[in-house]
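Q: pasting a predicted model and its sequence here:
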Amino acid sequence: RELANAAQNYHVNNLTFPQGDAPSFVDENGLPHLSWRVYLLPYLGHGNLYKQFNIDESWDSANNLPLLSQMPDVFRSAGDQAGSTTTRILQFTGDDAPFLNHDGRYGKIGARIRDFRDGLGNTILYVEAGTDRAVEWTRPDDIAFDINAPLAGLGDLSDGQIRGVLADGSIAHLGTDIDASTFSALVTHQG
């Protein structure tokens with residue numbers, strides 16, 4: 001919920017949700033420098049950490065890579081080790097998801113509230129993936145959404161639970177036995 005609130009506050013100031021591949025966040029080749037998680041830092045009470053990042057450099061640059069060790073706890077899941085530098089908190093990306101793939105298609109402005117035609121309370125904003133899908137928290141890497149296999153990118157969820165937050169800040173606890181079309185409807189934002 002804290003992440004969703006931060007994302008909504010980011011939206012108030014930037015008219016878009018944070019997205020590591022929005023036009024101002026990419027290099028000359030259209031590759032994102034940093035994860036959306038970095039851009040949320042000021043809205044999570046970590047403005048000083050945000051100021052230490054060079055947003056014009058990649059997540060693994062000489063300046064930015066050492067900041068991995070300062071990952072805020074809000075990006076850790078229950079059971080993750082204190083001091084870990086990877087997160088399982090991811091967003092869905094792709095043509096059918098609110099956020100773009102990191103594959104060279106960067107002409108679109110990041111997702112805006114008005115783009116969520118299904119309603120904020122009907123669309124997953126962030127999800128907790130399995131431990132096998134953990135990524136460095138500053139790395140711009142998320143779940144490529146496949147509408148034909150919507151659960152595939154979540155990794156190993158052996159506890160049978162999908163945990164996430166909807167774009168309106170509501171918490172979602174779903175079983176991994178959820179109907180694929182129902183889950184797809186929760187990931188897509190425009191029908």
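A: Cool, got the structure.
Q: where in the protein is pLDDT low?
A: The model of the chain has pLDDT under 70 over residues 20-24, 100-110.
Q: for it, what spans make up the helices?
A: Along the chain, counting by DSSP state H, helices occupy 2-14, 36-40, 47-52, 180-187.
Q: list the buried residues in the first one.
A: Counting neighbours by 16 or more other Cβ atoms under 10 Å, one finds that the buried residues in helix 2-14 are 3, 4, 6, 7, 8, 10, 11, 14. The way it works is simple: take the backbone N, C-alpha and C, and place the C-beta from them, glycine included.
Q: what about the residue nearest to the fifth one when sequence neighbours are not counted, how many neighbours?
A: What that stands for is residue 8. Once flanking residues are discounted, residue 8 sits nearest to residue 169: 7.0 Å by Cβ to Cβ, 6 or more residues apart in numbering. By other Cβ atoms under 10 Å, the residues close to residue 169 number 16.
Q: check the one 5 residues further on too.
A: Counted with other Cβ under 10 Å, the burial measure for residue 174 works out to 18 neighbours.
Q: what's near enough to touch the spatially closest residue to it that is not a sequence neighbour?
A: Using Cβ to Cβ, 6+ apart and skipping residues adjacent in sequence, the residue nearest residue 174 is residue 162, 4.3 Å away. Listed by Cβ atoms under 8 Å, 6 or more residues apart in numbering, the contact partners of residue 162 are 127, 128, 151, 154, 172, 173, 174, 175, 176, 178, 183.
Q: out of these, which sit inside strands?
A: 127, 128, 172, 173, 174, 175 (DSSP state E).
Q: distance of the residue positioned nearest the centre of the chain relative to residue 28?
A: Centroid-nearest residue in the chain: residue 91, 3.4 Å away (criterion: Cα atoms, centre = their mean). Distance of residue 91 to residue 28, given as Cβ to Cβ, to the nearest Å: 24 Å.
Q: cool, and residue 98?
A: Distance from residue 98 to residue 28, by Cβ to Cβ: 26 Å.
Q: equivalent analysis for residue 164, please.
A: For residue 164, the distance to residue 28 - Cβ to Cβ - is 34 Å.
Q: ok, residue 44 next?
A: In terms of Cβ to Cβ, residue 44 sits 29 Å off from residue 28.
Q: hey, where'd the strands end up in the protein?
A: Using DSSP E, strands in the chain cover 86-87, 89-90, 92-93, 124-128, 135-136, 143-144, 161-166, 171-175.
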